[in-house]
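Asker: here is a sequence with its predicted model. Questions after.
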Amino acid sequence: MEEYSSKNRPVVSVIGMGYVGLCLSAGLSKFGTKVYCYDIDPTIIQALKNKETPIHEPKLPELLSKGLEQKVLIPTNDIKTAIMKSTVTFICVGTPCDETGYIDLSNIKNVSKVIGQILRDKDDYHVVSIKSTVIPGTTDTHMIPLIEKYSGKRAGSDFGACMTPEFLKEGAAIDDFLNPDKIVIGSYDKKSSDLMYKVWQDFWPSKIEKDIFVFCDLRTAEMIKYANNSFLATKISFINELANLAEIFGVDIKIVSKAIGMDKRISPYFLNAGLGFGGSCFPKDVKALYSAGKQAGYDPKLLNSVLEANKVQPFRPYHILKSVLKDLRGKRIAILGLSFKPNTDDVRSAPSLQITQKLLEENCFIQAYDPVATHNFKLAINAPDKDRIDYFSTYEEALKDTDAAIFTTEWEEFYEIDVDTFKKQMKNPLIIDGRRIFDPNMFKGSGIIYYGIGFSKSTKFAPK
């Protein structure tokens with residue numbers, strides 16, 4: 001029997017309580033939408049019932065707790081109950097990518113099969129939407145046929161199908177959900193999109209007037225997600241390439257970034273030079289789109305260049321260390337910031353992993369600190385000599401008696417570190433600022449050697 005949320009909104013079921021599923025569920029529940037939360041892992045569901053969140057995301061614990069207390073957020077181990085009592089189902093399962101860029105759709109296929117089996121016993125019209133990131137063609141060539149096969153029903157007449165990509169930034173996902181730039185609804189037909197629209201329509205009255213909804217077909221929605229992430233990744237690789245040139249030319253890339261970002265055609269966003277992009281989305285999505293293009297007989301050269309540039313960027317601090325210290329054997333190096341970006345505990349494809357592994361190969365000793373990502377880093381680091389990594393609970397402790405400090409994540413607390421702290425804690429103060437946290441001028445006359453990505457006062461280069 002179907003239920004109804006407040007304001008007669010459709011009741012929703014969310015399959016997969018990973019990052020996307022959790023944030024979606026919490027965000028919907030804030031507006032009074034009743035959400036059934038399901039995951040194949042019963043420990044995740046039990047954790048939710050206990051008001052525990054398996055990921056670090058600002059404002060998420062508060063929203064989940066409130067949703068549970070108000071009984072609009074309902075964790076369940078029974079996927080059939082979740083689907084039978086809802087009108088709209090969001091598929092938020094993982095779509096892992098291998099080194100070649102091949103997307104594994106087994107989770108999508110398995111869930112589609114199960115949903116089909118459940119819908120066979122359901123009389124009411126039901127909309128199923130993929131929210132996971134999938135290559136164009138996935139929804140109409142995999143999800144829909146599998147649901148039709150196992151339900152005995154037809155898309156369009158008996159059930160609806162949508163693809164509604166998410167555009168949440170880790171570390172700011174809840175704010176992004178509450179203040180979206182756009183809502184993309186890719187649909188099989190108008191009936192599907194009309195019902196999906198009802199899920200969102202009265203959340204942001206002022207924004208609806210600004211026409212934030214994009215209605216399109218399924219494949220276009222799938223492509224929008226890849227285009228979005230690939231473009232942002234391209235901006236990052238582009239500014240990092242310019243940063244490397246800036247060091248050669250004796251230029252400060254921060255000033256260059258500020259100036260070009262003032263151009264309305266460019267915008268200032270994603271123009272902060274650093275150590276490359278990481279996380280669960282950008283590396284995977286660019287690689288997957290490139291791989292899909294190759295599979296289709298087209299060579300997306302620009303996407304390949306974005307990946308190649310990002311592959312080498314995390315090693316900039318290593319090359320700087322090598323040029324200054326020469327022999328790195330036995331050196332103590334502080335790695336400050338382990339997550340791929342601030343305000344998250346996600347270390348997937350984090351530059352800190354690559355830098356640490358490289359320094360261990362050089363027989364360095366690592367003193368690491370991160371406010372929230374240490375546990376995940378320990379699980380992710382894959383090096384035979386990882387016993388030479390010591391983890392600390394403060395950045396002061398991590399800096400103690402080190403030969404150099406590499407800043408790999410721009411956590412807010414790092415902006416408070418002053419010259420005296422470096423001089424007091426470090427043996428030989430050499431700072432490699434991989435995220436341009438510090439003003440280079442603060443180190444003038446301090447005796448501290450400072451290197452910032454994209455910063456140089458060198459006048460050696462002269463054009464011929």
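Answerer: Happy to help now that I have it. Numbering: from 1, shown residues only.

Asker: drop to CA atoms for contacts and neighbour counts, all remaining ones
Answerer: Noted.

Asker: which parts of the helix or strand where Lys109 lies are buried?
Answerer: For Lys109, the enclosing helix or strand under DSSP states H and E is helix 106-119. Residues Asn107, Ile108, Lys109, Val111, Ser112, Lys113, Val114, Ile115, Gly116, Gln117, Ile118, Leu119 are the ones in helix 106-119 that count as buried (16 or more other CA atoms under 10 Å).

Asker: what sits against the second one?
Answerer: By that I understand Ile108. Counting by CA atoms under 8 Å, 6 or more residues apart in numbering, Ile108 makes contact with Ile91, Val93, Gly94, Thr95, Met143.

Asker: same thing but at 7 Å, please
Answerer: Val93 (CA atoms under 7 Å, 6 or more residues apart in numbering).

Asker: report pLDDT for it.
Answerer: Per-residue confidence (pLDDT) for Ile108: 98.

Asker: residue ranges with poor pLDDT in the stretch 101-250 of the chain?
Answerer: Applying pLDDT under 70 to the stretch 101-250 of the chain flags residues 205-210.

Asker: try it again with 90
Answerer: Scanning the stretch 101-250 of the chain for pLDDT under 90 picks out 101, 178, 200-212.

Asker: just the strands from it, written as ranges.
Answerer: The residue ranges that make up the strands of the stretch 101-250 of the chain, judged by DSSP state E, counting those that start in this stretch, are 126-130, 159-163, 183-187, 213-217.

Asker: and the last one, what does it pack onto?
Answerer: Using 3 or more CA pairs under 7 Å, 6 or more residues apart in numbering; DSSP states H and E as the contact criterion, the neighbours of strand 213-217 among helices and strands are strand 183-187.

Asker: show me what the helix ranked longest in the chain is packed up against.
Answerer: Secondary structure of the chain read by DSSP state H shows that its longest helix is helix 218-249. Judged by 3+ CA pairs under 7 Å, 6+ apart, the packing partners of helix 218-249 are strand 159-163, strand 183-187, helix 282-295, helix 301-312.

Asker: of all these, which lies closest to Pro136?
Answerer: Pro136 lies closest, by CA to CA, to one member of the helices and strands packed on helix 218-249: helix 282-295, at 9.1 Å.

Asker: so what's the residue nearest to Cys216 when sequence neighbours are not counted up against?
Answerer: Of all residues not flanking Cys216 in the chain, Gly186 sits nearest, at 4.7 Å (CA to CA, 6 or more residues apart in numbering). Applying CA under 7 Å, 6+ apart, we find Gly186 in contact with Cys162, Met163, Thr164, Phe215, Cys216, Asp217, Leu218, Thr220, Ala221.

Asker: re earlier: report the buried residues of the longest helix of the chain.
Answerer: Buried, per 16+ other CA under 10 Å, within helix 218-249: 218-226, 229-249.

Asker: any idea how far Val93 is from Tyr27?
Answerer: If you look again at residue 27, you'll see it is Gly, not Tyr. Gly27 sits at a distance of 18 Å from Val93 (criterion: CA to CA, to the nearest Å).

Asker: point out the most buried one among the strands of the stretch 101-250 of the chain.
Answerer: strand 159-163 (a mean of 28; mean count of other CA atoms under 10 Å).

Asker: quick check: angle from that strand to helix 218-249?
Answerer: Orientation note: strand 159-163 sits at an angle of 10 degrees relative to helix 218-249 (axes from the mean of the first three to the mean of the last three CA atoms, to 10 degrees).

Asker: residues making contact with strand 159-163?
Answerer: Strand 159-163 is contacted by residues 125-131, 155, 185-188, 192, 218, 221-222 when judged by CA under 7 Å, 6+ apart.

Asker: mind doing that once more with 8 Å?
Answerer: 125-131, 139, 144, 153, 155, 185-189, 191-193, 196, 218, 221-222.

Asker: swap in stretch 109-124?
Answerer: 80, 83-84, 91, 126, 142-144, 146-153.
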